[in-house]
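Undergrad: got a sequence here, can you model it:
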Amino acid sequence: MSEFKDLYQQADWKTEKHVPVIEAPDKVKKGDFFKLDVSTGKEVSHPNKTEHHIRWISVFFKPEDEKFPYQIGKVEFTAHGESVQGSDTSSVYTHHQASMYFKTEKSGTIYASAYCNIHGLWSSSKELEIEQ
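TA: Below you'll find the model as predicted:
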């Protein structure tokens with residue numbers, strides 16, 4: 001039996017459209033809020049059609065020397081062109097990109113995961129350093 005963690009795929013976001021891209025500063029001041037952008041398909045566009053789309057992106061932060069991460073946010077993308085007339089007949093589409101703000105007093109790792117309805121779960125991470 002496989003573990004849930006084994007379902008997550010990783011790759012370089014510059015060549016793989018499913019990998020969540022985390023855009024945040026490398027260093028931030030202790031206790032100051034900062035902006036974090038997360039998206040998929042930054043270099044290689046990901047489809048956004050009824051039959052193939054990114055359903056959600058979730059972001060976590062794990063401070064150094066702590067056992068568990070904190071969920072910073074989860075964004076669901078629910079409009080992919082579907083309507084009562086059928087697939088890709090709507091003029092309403094969401095885009096798989098979000099901005100979040102958070103603060104911390106400890107350095108640590110930002111983790112992002114994304115779910116594609118055809119290609120499953122994808123993840124990435126980025127180190128964050130706190131300036132005193």
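
Undergrad: residue 5 belongs to a helix, doesn't it?
TA: Yes: applying DSSP: H, G, I helix; E, B strand; the rest coil, one finds residue 5 inside a helix.

Undergrad: let me know the pLDDT of it.
TA: In the prediction, the pLDDT value recorded for residue 5 is 87.

Undergrad: tell me, what's the model's pLDDT at the residue lying farthest from the centre of the chain?
TA: Ranked by distance from the centre of the chain (C-alpha atoms, centre = their mean), the top residue is residue 85, with 30.7 Å. Residue 85 carries a pLDDT score of 93 in this model.

Undergrad: backbone dihedrals for it, both of them.
TA: Dihedral pair for residue 85: phi -80, psi -10, per degrees, to the nearest 10.

Undergrad: against residue 1, how distant is residue 33?
TA: Distance, residue 33 to residue 1, by C-beta to C-beta, to the nearest Å: 42 Å. The C-beta positions use only the backbone N, C-alpha and C, and glycine is treated the same way.
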